[in-house]
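S.K.: Got a predicted structure here, sequence first:
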Amino acid sequence: MDNKALLALVFVSPLLFLPLVTADSSEAGTANFTSYYSQLDDEEKAVYDVISTVPSSENGWSATLAAEADADSVKHAVAAAYLDDPGKIWLLKMPADLAGAYVYDPAAKTVTFSLPDVDSASYGQSMADFAGSIGIQTDTSVSEAMMLIDSKLRSFSEYTEDTDNLLYYTAYGAMVLGKANSFGFAAAVKYCADSSVASYNVAVVCGMLNDPDGSYPHAWNAVEGSEGWYGADVGLNEEKNTAHYLMKASNDHGYNTDYTFAASHDPDISGFMETSSVVNPPELYIRPAEAPVEPTFLEKHGGDIVIISIIAVLCVALAFFARRQ
């Protein structure tokens, strides 16, 4: 290889690795995140309040609004309600089938939900029993709670990329059926955290997972710790059989060390909600760069000392043999 070709290779080779360390985030995070409900407008909040409390088997899983609402407002409210409380049975068709999850009748002002094939009489107790068996105590720290939830879900539930069974997208799939995809794992993590005796702030985040083979729809969690919000991806832990994706800062590396968590996990809540409005997930904490450790004398000069010692020994040996001749 001539000098010009070698020089060109030196300058071009770093560009080959740019996709591994950068990613354009479709949505900026918010440091003061409280819920997806807080990001809705007043009309959407009114719909959210009704559909989050009223639907039941007694009224045919239907909610009646106080006033006619815009169709987009209903859609946004339904999606936000799922993200904030994925344990509600009438929301179990999200995110796999948002459009087919409910029917909105503006004239009658009713929102009627269509449930997947699930035992509506026992689903709640089954999920509550699972969450109660995790062993979280009032003094369990956030990181310890996440490890307990991660261990319980991974030991019970199998990761699947099956997109045909809607229940695999749900907390019910992960906690009762024992099979779920990333959406189901993320929903189950939030359900378990919200159902515990301690108080933890956990959000479901949907978007794209970037890896060397491409980008894929994916879901994970944001968990609030003492310094800020951290990423947690129990589904990816289960899929790759690692423990690399718990309480990760934005600039922490995961299973693939070429990616920071922010580069591999790209939020797109608006895409999930099928809206042009920006819906912000929690902004992940950025871990401060650690000051470089000052090298010891041996670390700094050890190589030189070894070389000097070898040269000195060789010189002594040469002088010794030269004197004998």
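M.R.: Thanks, I have the structure now.

S.K.: tell me the contacts of residue 265?
M.R.: 205, 207, 209-210, 218, 220, 231, 233 (CB atoms under 8 Å, 6 or more residues apart in numbering). Glycine gets a C-beta too; all of them are placed from N, C-alpha and C.

S.K.: From the residues you listed, which land in strands?
M.R.: Using DSSP state E to define strands, the subset of the contacts of residue 265 located there is 205, 207, 209-210, 218, 220, 231.

S.K.: ok, so of the residues you listed, who is nearest residue 77?
M.R.: Of all these, residue 205 has the smallest distance to residue 77: 18.7 Å, by CB to CB.

S.K.: What's opposite that closest one in the beta bridge?
M.R.: Note on residue 205: beta-bridge partners by DSSP bridges are residue 220.

S.K.: and it, how far is that from residue 161?
M.R.: Residue 205 sits 19 Å away from residue 161, going by CB to CB, to the nearest Å.

S.K.: And the ones in strands among the contacts of residue 265, which is closest to residue 153?
M.R.: Closest approach to residue 153 among the ones in strands among the contacts of residue 265 (CB to CB): residue 220, at 13.0 Å.

S.K.: tally of neighbours for the closest one?
M.R.: Around residue 220 there are 29 other residues, counting by other CB atoms under 10 Å.

S.K.: wait, isn't it in contact with residue 182?
M.R.: Yes - Residue 220 lies in contact with residue 182 (CB atoms under 8 Å); the separation is 6.8 Å.

S.K.: picking that back up, scan the ones in strands among the contacts of residue 265 and report the most crowded one.
M.R.: residue 220 (29 neighbours).

S.K.: Quick check: residue 235 is in a helix.
M.R.: Yes - Residue 235 sits within a helix when classified using DSSP: H, G, I helix; E, B strand; the rest coil.

S.K.: By mean pLDDT, point me to the weakest helix or strand of the protein.
M.R.: helix 18-21 (a mean of 32; mean pLDDT, DSSP states H and E).

S.K.: following that helix, which helix or strand comes up?
M.R.: helix 42-51 (DSSP states H and E).

S.K.: can you list the residues that contact that following helix?
M.R.: Residues outside helix 42-51 that contact it (CB under 8 Å, 6+ apart) are 37, 40, 63-67, 69-70, 73-74, 76-78, 80-81, 90, 111, 113.

S.K.: Next, the buried residues of it.
M.R.: 43-51 (16 or more other CB atoms under 10 Å).

S.K.: which is the next helix or strand following that helix?
M.R.: strand 62-64.

S.K.: who touches both of residue 220 and residue 182?
M.R.: Shared contacts of residue 220 and residue 182, defined by CB under 8 Å, 6+ apart, comprise 233, 235-236.
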